[in-house]
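Asker: dropping a prediction and its sequence here:
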Amino acid sequence: MPATRPFCDSTPILADTDAIRARLAVDGYLFLRGLLPRAVVMDLRAQTLAAAAAGGWLAPGHPVDAAIADPAAACVDPEPSYLAVLAAIYRLEALHALQHHPALLGLFERLFGEAVLPRPRLIPRCFFPQQPAHVTAPHQDYPYVQGTTEVYTLWTPLGDCPAEMGALQVAEGSHRNGVLDFRISQHPATALEVADPLDGAWVGGDFAAGDVVLFHSLTVHRGAPNLSRQLRQSVDFRYQRASDPITPASCEPFVTALGWEEIYRGWQSDALKYYWRRPSTRHVPYDMIYFERRDARAFDLAESGDPAARFVLLRITQNDPDPAKRARAQALLDRLQVAPVAP
């Protein structure tokens, strides 16, 4: 993994709207300390860890808030054992409320100079420790999020996250070159890995609960290996101008097995339910070109017996609307699972 430089801390210029806009335009990211109240983040952390414990992810004999993972339970998205716990986390009202925290909405309203639309398709992430094969590969968000390139992801860990726990890193200035060439990633969360190593551009560092990094949809970013014993939990929130278009897919839950009514069941407030359904919201179709290229490459890899295609094939079987394509992916998955291990 290429070496990193420290984040440029933009907290000292946070009150200067022109300055943070200028820095974001040049660097493609902003790192801000203590933007969110620590107590709010830690309360959500307690709820997500309770779901992890109920799913059998935590090692027995330790307090739940220590987040010590059980290595035997290690799993990744989109495996069913992972999605079961993720679904429980996705139902948490506090998770969705954090995306709408006034500190976050106020920041983006200043950056945009107009009303902000938090994208409903937020993503909680959980990474088991000591799983080097499952480190999030360098990628750009735009091929996934679409609608407009002016979408910004805000990443924050749920709890303190020193660099050795797998804190997020970004490639400074990488948003200025459009959509970059990619290859199939062996990491389940990304699928499309930027081919350019971007040596010399990477920045990163330690996070405390409440620290955030936000970045442009074309800014390349990646995870680092989780070298601790703890489960690393984080959230991805995405924001855009309310006047910009959005794809229908970005208005659906990330956990595709859940509908919004099921997610909302038991919530104490109706304030955040279906907030994006307004006459002024403009929808544009999703361009499948990136995923058609991804899937074609995955089929080629799988036909040659390469297990790197496994997670793409899993996503095809779970999400693709074409039954023939799903059947082909399942057949190739079955073949990969029974293929003999090379000596």
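Answerer: Thanks, I have it.
Asker: give me the distance from the longest strand belonging to the chain to the chain's centre.
Answerer: When every strand of the chain is counted residue by residue (DSSP state E), the longest turns out to be strand 232-241. Its chain's average C-alpha position is 7 Å from that of strand 232-241, according to CA atoms, centre = their mean, to the nearest Å.
Asker: what's the answer for stretch 79-95, then?
Answerer: On the basis of CA atoms, centre = their mean, stretch 79-95 sits 14 Å off its chain's mean C-alpha point.
Asker: any idea of the mean pLDDT for it?
Answerer: Rounded to a whole number, the mean pLDDT of stretch 79-95 is 96.
Asker: same thing with stretch 140-147?
Answerer: The predicted confidence, averaged over stretch 140-147, sits at 95.
Asker: which other residues reach it?
Answerer: Counting by CB atoms under 8 Å, 6 or more residues apart in numbering, the neighbours of stretch 140-147 from elsewhere in the structure are 119, 149, 151, 153, 174, 179-180, 182, 192, 194, 217-221, 238, 240, 244-247, 249-250, 284, 286-287, 290-291. (Glycine included, C-beta is placed from N, CA and C.)
Asker: buried among those? Need that as a selection in ChimeraX.
Answerer: Per 16 or more other CB atoms under 10 Å, the buried members of the contacts of stretch 140-147 correspond to this ChimeraX selection:
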select :119,149,151,153,174,180,182,192,194,217,218,219,220,221,238,240,244,246,247,249,250,286,290,291
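Asker: of the contacts of stretch 140-147, which belong to strands?
Answerer: The subset of these located in strands under the criterion DSSP E comprises 151, 153, 182, 192, 194, 221, 238, 240.
Asker: distance check, the fifth one against Asn319.
Answerer: Pointing back at Val194 there. As defined by CB to CB, to the nearest Å, Val194 lies at a distance of 22 Å from Asn319.
Asker: cool, and the third one?
Answerer: Plainly put, Phe182 is 19 Å away from Asn319 if you go by CB to CB.
Asker: also the second one?
Answerer: Spatial separation of Thr153 from Asn319 under the definition CB to CB is 21 Å.
Asker: cool, and the fourth one?
Answerer: Between Leu192 and Asn319 the computed distance is 15 Å (CB to CB).
Asker: can I get stretch 111-127 in PDB, CA atoms only?
Answerer: Taking only C-alpha atoms (Å, rounded to 0.1, in the frame of the first residue of the first chain), the coordinates of stretch 111-127 have been written out as PDB:
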ATOM      1  CA  LEU A 111     -20.600  24.800   0.900                       C
ATOM      2  CA  PHE A 112     -23.500  24.600  -1.600                       C
ATOM      3  CA  GLY A 113     -24.900  28.100  -1.100                       C
ATOM      4  CA  GLU A 114     -28.400  26.600  -1.200                       C
ATOM      5  CA  ALA A 115     -30.600  23.900   0.200                       C
ATOM      6  CA  VAL A 116     -29.000  20.500   0.700                       C
ATOM      7  CA  LEU A 117     -30.500  17.000   0.000                       C
ATOM      8  CA  PRO A 118     -29.100  14.200   2.100                       C
ATOM      9  CA  ARG A 119     -29.200  11.100  -0.100                       C
ATOM     10  CA  PRO A 120     -31.400   8.400   1.600                       C
ATOM     11  CA  ARG A 121     -29.100   5.600   0.600                       C
ATOM     12  CA  LEU A 122     -26.700   5.900   3.500                       C
ATOM     13  CA  ILE A 123     -24.200   3.100   4.200                       C
ATOM     14  CA  PRO A 124     -23.100   1.700   7.600                       C
ATOM     15  CA  ARG A 125     -19.900  -0.300   7.300                       C
ATOM     16  CA  CYS A 126     -18.400  -2.900   9.600                       C
ATOM     17  CA  PHE A 127     -14.900  -4.400   9.100                       C
END
